[in-house]
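> Predicted coordinates and the sequence they were generated for:
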Amino acid sequence: MGLSSAVFGLGLFALITSTAEGDQPANAYRIGPETGYAKARCLDGSPGLYYFSPGSGSGTSKFQIFHEGGGFCNSDSSCFDRAKGRLGSSSSDPKTWDLEKQGNLKFSRSSSENPLMHDWNHIFLRYCDGGYFSGDREEPKVVEGSSIYFRGKQITEALFSDLGRKFNFGNATDVVISGCSAGAIRVYAHIDALAQLIQAEAKVVALPDSGFYMDLDIFTPLKRYVVTEMEGQGLLNPQCLRDHVGSEEKCLIGSVISLYLKTPTFAFQSRFDSDQQGCEMEESCKSSATCLQAYAANLTSFLQKTLSRSPHGYFLDSCVRHCSYEDLAPRDQSGIAPLHAFATWYGGGQSHFGQPAKYPCPECCGTESTITV
Ligand SMILES: *[C@@H]1O[C@H](CO)[C@@H](O)[C@H](O)[C@H]1NC(C)=O
Ligand SMILES: *[C@@H]1O[C@H](CO)[C@@H](O)[C@H](O)[C@H]1NC(C)=O
């Protein structure tokens, strides 16, 4: 979750700044002190921000809320540094952005690529709080003379309230809470609390992509700062918190929290996630097919143990990937693409999909892939 996610964040920035002439780019909405949300702030104090692309036809009462990813910060100095860039600030965000141009098919307006959500309202929530949209610390922290805000929970609440005011979210019939990487960690960790925040009589499900991290000493304790300094427990699962007194950060880990999930959750996850190789493995493991395979077997068993239960589902692939773009196109054994599998599950059909292939499996990413480790 360290370096590769930071790089992923920067890559996204390049995409954002280079989009200009989309047919109907999404508009940016600021959710901060100037727009009625006194406490909703990014790390640097700038307002929270989301992009909204309106749905059409029967999609106008349906909402996909996607959470941007990009690592996290876990010390005063790393949060201070992060506040200077786009993962800690909305101050350089463009007023409009063509969400489809990211290449993430969850924003596709094509019914063949995105059968369930192609005509829904699409919301992209910018990740600028540094701690999985969790923080709820009243006073800013002063680091090197600057105030740093930990207000992810406030951004969350402002988002729901603003969607209600502007886009009739209170009458929503369907809500998919999605996200990738850190955005998917947020989805696993907070989905039950988010479902309660939604006032509408809507069907609410979770679609976390690439957020099923394992509970390992090399990684989990790094998240302690989110719980203590950011005061980021408010949206975590109460039962999980009771079961992990003193190590509440475990409730931010997919393989731990998935046991507690009540809201229907469809996990989209690689068994050989490239970011997990970066933050959950020693060098010697990354370069050993046997070790990677053991990791994948462990992940598979945890995921199946927790998400095979009804009402959950999953698409568990063997494409070396992190998040999903057009060029990473894993297919189920029977040729089904992830968003088609998701639509099938959503409609009450088959709930488990996958590619139980051995490592390495270049063909698991589809024909276009050039991914190597
Ligand atoms: C639902 O929509 C109606 C008509 O637009 C509106 O009057 C009402 O306030 C909405 N309900 C909520 C809970 O937002
Ligand atoms: C499997 O995962 C669990 C929990 O994430 C971890 O504690 C355990 O060490 C892992 N086992 C192996 C063999 O990797």
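Arrived safely, thanks for sending. The structure displayed is predicted, hence computed values, not measured ones. Ligands and ions are numbered 1, 2, ... in the order given.

> For the helix or strand harbouring Gly183, list the C-alpha coordinates in CSV.
Following DSSP states H and E, one finds Gly183 within helix 182-197. Provided in CSV are the C-alpha atoms of helix 182-197 (Å, rounded to 0.1, in the frame of the first residue of the first chain):
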residue,chain,number,x,y,z
ALA,A,182,-7.7,2.4,-0.2
GLY,A,183,-11.1,3.2,-1.5
ALA,A,184,-12.0,-0.5,-1.3
ILE,A,185,-10.6,-0.8,2.2
ARG,A,186,-13.0,2.0,3.2
VAL,A,187,-15.9,0.1,1.6
TYR,A,188,-15.2,-3.1,3.6
ALA,A,189,-14.5,-1.2,6.8
HIS,A,190,-17.5,1.2,6.7
ILE,A,191,-20.2,-0.3,4.5
ASP,A,192,-22.5,-1.2,7.4
ALA,A,193,-22.2,2.2,8.9
LEU,A,194,-22.7,3.8,5.4
ALA,A,195,-25.8,1.8,4.8
GLN,A,196,-27.3,3.2,8.0
LEU,A,197,-26.4,6.8,7.0
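
> Next, the buried residues of it.
Neighbour-count burial for helix 182-197, counted by 16 or more other Cβ atoms under 10 Å, picks out 182-195. C-beta: built from backbone N, CA, C; applies to glycine.

> what's the answer for stretch 247-265, then?
So, applying 16+ other Cβ under 10 Å, buried residues of stretch 247-265: 248-258, 260-261, 263-265.

> which bits of the protein sit near ligand 2?
Residues of the chain lying close to ligand 2 by Cβ under 6 Å from any ligand atom are Met214, Asp215, Leu216, Ser255, Ala294, Tyr295, Asn298.

> Which of the residues you listed are buried, as a ChimeraX select command?
Of the residues of the chain next to ligand 2, the buried ones go into a single ChimeraX selection, burial set by 16+ other Cβ under 10 Å:
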select :214,215,216,255,295
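
> Save the buried residues of helix 182-197 as TSV, and put in pLDDT too.
As requested, the buried residues of helix 182-197 are arranged in TSV below (pLDDT from 0 to 100):
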residue	pLDDT
Ala182	98
Gly183	98
Ala184	98
Ile185	98
Arg186	98
Val187	98
Tyr188	98
Ala189	98
His190	98
Ile191	98
Asp192	98
Ala193	98
Leu194	98
Ala195	98
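
> Now His340. Nearest residue, chain neighbours left out?
Pro115 (5.8 Å; Cβ to Cβ, 6 or more residues apart in numbering).

> Please read the previous query as pertaining to Phe107.
Closest to Phe107 by Cβ to Cβ, 6+ apart is Leu99, at 4.2 Å.

> Sweet, I'm off.
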